[in-house]
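Participant: Any chance you can model this:
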Amino acid sequence: MTPIQYRPHREKLQYLRGILAAIDWQEQMRVRAIREAIRMATAEFWERRATDFEWVMQERFTDPLDACTEGMEPNRATALSCRRHAHLLRTGFFAEPWWGFDEDFADILAERQVA
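Facilitator: Next up is the predicted model:
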């Protein structure tokens with residue numbers, strides 16, 4: 001037998017690799033989506049975002065030769081909104097999506113670890 005006889009299987013292997021790559025990619029996307037959702041639920045995330053908007057405002061609109069300062073206001077308003085969001089998270093104003101959410105979420109995570 002020569003290796004040439006096995007070449008038709010290469011197409012199947014490529015197809016299988018494609019499927020596995022797609023599954024891995026989807027899993028990576030799910031993990032990233034969950035990670036981002038958790039990150040966005042922290043006050044630190046919103047503080048950093050506010051700092052980023054303020055930095056853009058300083059870098060872009062502090063040039064004395066640039067008389068265009070009309071773009072500052074949206075950045076200032078966005079930074080303020082981010083800081084308010086962080087404050088609400090710190091004070092516990094945002095409640096659970098439904099009563100007992102934390103327990104339900106912990107149960108689901110425990111089920112996934114067992115499986």
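Participant: Could you use CA atoms for every contact and neighbour count after this?
Facilitator: OK.
Participant: Need the phi and psi values for residue 42.
Facilitator: phi -110, psi 150 (degrees, to the nearest 10).
Participant: which non-adjacent residue is nearest it?
Facilitator: residue 89 (6.9 Å; C-alpha to C-alpha, 6 or more residues apart in numbering).
Participant: how about the helices in this protein?
Facilitator: Assigned by DSSP state H, the chain shows helices spanning 7-40, 43-61, 72-91, 101-114.
Participant: Is there a neighbour count for residue 80? I'd like the number.
Facilitator: By the criterion of other C-alpha atoms under 10 Å, residue 80 has 17 neighbours.
Participant: Who are the contact partners of it?
Facilitator: By C-alpha atoms under 8 Å, 6 or more residues apart in numbering, residue 80 lies in contact with residue 50.
Participant: Distance check, it against residue 72.
Facilitator: Here the criterion is C-alpha to C-alpha, to the nearest Å. By it, residue 80 lies 12 Å from residue 72.
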